[in-house]
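*Asks:* From the sequence below, what's the structure:
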Amino acid sequence: MLVLNPSWIGDLSFQLSVLATLGIILFGGKGNAPSSVIPAKAGIQFIRDSLRITLAAQLFTTPLIFFHFHRLSLIAPLTNVLIGWTMPFLMGLGWIAAVAGYIWQPLGLLPAWAAWILLAYVIRAVEVTAGFPLAGIAW
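*Replies:* Got it, this is the predicted structure:
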């Protein structure tokens, strides 16, 4: 990517993406397929995998975030577990809405509305967890 645009090296969002990806690669693990068909055990495994991935990304991005924004989020792991499962669905629905809407605009409305419902959930989850006492620390 830097071969195409070397100026991205100074872009904060690029740096955060690289660090988060590195953290996930090094410490996120591959994740395990649910070892049981019992929903409770599969749910616990899913939460454990989600927490491991978010902590791996947060471990690598926290120093840069703290340096630039002088803030430390204490609630981010919980928030990411609550909303992380929506991301693959949101990306898929967004892609389907874009392609279907390109073919015929009304056709794209149904997946767009489904994405909107998930996005409303994401926004609400972020708002609620950000309101927790000591959700973040600023210096």
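*Asks:* most centrally placed residue in this protein?
*Replies:* When CA atoms, centre = their mean is applied to the chain, the residue found nearest the centroid is residue 84 (4.9 Å).
*Asks:* wait, isn't that one in contact with residue 55?
*Replies:* No. Assessed by CB atoms under 8 Å, residue 84 is found out of contact with residue 55, at 11.6 Å. (Each C-beta comes from the backbone N, C-alpha and C, glycine too.)
*Asks:* what's near enough to touch residue 29?
*Replies:* 49, 52, 53, 56 (CB atoms under 8 Å, 6 or more residues apart in numbering).
*Asks:* any idea how far residue 97 is from the residue lying farthest from the centre of the chain?
*Replies:* Most distant residue from the mean C-alpha position of the chain: residue 104, 30.4 Å away (CA atoms, centre = their mean). Here residue 104 is placed at a distance of 12 Å from residue 97 (CB to CB, to the nearest Å).
*Asks:* picking up where we left off before, spatially nearest residue to the residue nearest to the centre of the chain, not counting backbone neighbours?
*Replies:* Spatial nearest neighbour of residue 84, excluding adjacent residues (CB to CB, 6 or more residues apart in numbering): residue 50 at 5.0 Å.
*Asks:* Hmm, the one you found is touching residue 87, no?
*Replies:* No. Taking CB under 8 Å as the definition, residue 50 is not a contact partner of residue 87, at 10.5 Å.
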